[in-house]
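Student: The sequence and its predicted three-dimensional model are supplied below.
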Amino acid sequence: MTAAVAMCRLAKALLLLLVGCIAAAPSLFGGVVGGTDTGAAGQDIYGQCIGCHSPDRNRTGPLHCGLFGRVSGTVQGFEYSPAMREARVTWDAESLDWFLRSPLDAIPGTTMGFAGIRDDARRTQLIEWLETLVEDSPLCEGVR
Amino acid sequence: MHNEDLKNAPAELLVETARRSRRKFIAEAGALTFSGVAVAMLGGQSTAIAAGIGDAAAAQDVRILRTAVAAEHEAVAAYQLGAESGLLEPAVLKVAVKFQGHHKEHVEALAAAIRKLGGDAPDALKQYDFPVEKLKNQADVLNFAAGLERGAVSAYAGAIPAFDNRELSSAAASILADEAMHWAVLRHALGLDPVPGAFFS
């Protein structure tokens, strides 16, 4: 939490979008510690996902650590919709771009009740940040 | 924000909030009206049900609602954890329980909408994977709750345009408004700017 608050103050000092501060707030849930400069924007946008997702644990939606290269619908212990399981998409920059633009159109029958991110640049930033959620990310500690 | 501020700010603000909520009559009347309104807003749904849940659009609305119920159940459980943590002073506890009550009402309103559409609402999970080990003091608990409320606001913002039935969008917007108020109060209590911007997604 101190990291989140410190990041907030830093963001304010730099007159970055205040939304940046907000995204840092869920540090206790997502374990979101400060991001790298390049990742900061993507992490802010991830604020739109934290109502349902955390990087390191299953919640209303599945965890995101190790997302890149994973086949859709395969996180252990998460109960997916049949649509997501049957989609068998391998998550990478391209498939995420397609899915996150409009999840409900991309995979009809998905339970991810989220309209999507239409802005191409924001989607790209978010996806770049999601790609950092690998095993040795501090946000993914304890996730096998 | 210094630790000192964090220690004192929540207490002051939340005591004040609790004092206000002591006007129970008004608070409860307000709450009842709200859920009445929320369910009534969903009332027009019955015609959609008549059209049949076979209708793909209605089925999708049900899926979105079910996911929203799952998230609301999580919020109820999170406040329960906070309430039982022993880390909250009495006045703060009172506010936490009040906010939890709102989330319970959201579950009920959303579940009623699902039933009207011919579906069934998911139950709460038996167990939630909360970062319990990180909750060491009152500010931690408030920060945890604030993160959840912030996420919920975004989740509703993302669901509102996705509903086929606009009455559902409208009901979701009224829930979003309530959760945004929780979030602002919690942020203020944490010594953060309660309303950090003009726009939010």
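Tutor: Received it, and whenever you're ready, just let me know what you need.

Student: which SS class is the residue most central in space within chain B?
Tutor: Geometric centre of chain B, nearest residue: residue B:103, 4.2 Å, by Cα atoms, centre = their mean. At residue B:103 the chain is in helix, as set by DSSP: H, G, I helix; E, B strand; the rest coil.

Student: repeat for residue B:130
Tutor: Residue B:130 ends up coil, using three-state DSSP.

Student: Please point out which parts of the host helix or strand of residue B:171 sit buried.
Tutor: Residue B:171 is part of helix B:166-189, with elements assigned from DSSP states H and E. The neighbour-count check on helix B:166-189 (16 or more other Cβ atoms under 10 Å in any protein chain shown) flags B:167-169, B:171-172, B:175-176, B:178-180, B:182-189 as buried. No exception for glycine: its C-beta is placed from N, CA and C like everyone else's.

Student: quick revisit: I figured the residue nearest to the centre of chain B was touching residue B:79, is that so?
Tutor: Yes: contact between residue B:103 and residue B:79 holds when scored by Cβ atoms under 8 Å: they sit 6.8 Å apart.

Student: Any regions of chain B where pLDDT drops low?
Tutor: Within chain B, the segments meeting pLDDT under 70 span B:1-54.

Student: same for the longest helix seen in it, what does it pack against?
Tutor: Counting residues, the longest helix found in chain B (DSSP state H) is helix B:56-84. Secondary-structure packing of helix B:56-84 (3 or more Cβ pairs under 8 Å, 6 or more residues apart in numbering or on different chains; DSSP states H and E): helix B:45-51, helix B:90-116, helix B:138-159, helix B:166-189.

Student: want to throw these into a markdown table with distance to residue A:99?
Tutor: Output for the helices and strands packed on helix B:56-84, formatted as a markdown table (distance: least, Cβ to Cβ, whole Å):
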| stretch | distance to residue A:99 |
| --- | --- |
| helix B:45-51 | 27 |
| helix B:90-116 | 25 |
| helix B:138-159 | 14 |
| helix B:166-189 | 22 |
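
Student: between the ones you listed, which one is nearest to chain A?
Tutor: helix B:138-159 (3.0 Å; Cβ to the nearest Cβ).

Student: Run a quick neighbour tally on the residue nearest to residue B:78 when sequence neighbours are not counted.
Tutor: Distance criterion Cβ to Cβ, 6 or more residues apart in numbering or on different chains; nearest residue to residue B:78, sequence neighbours excluded, is residue B:148 at 5.4 Å. Look at residue B:148: counted by other Cβ atoms under 10 Å in any protein chain shown, it has 30 neighbours.

Student: just the one 5 residues further on next, same as before
Tutor: If you count neighbours by other Cβ under 10 Å, residue B:153 ends up with 26.
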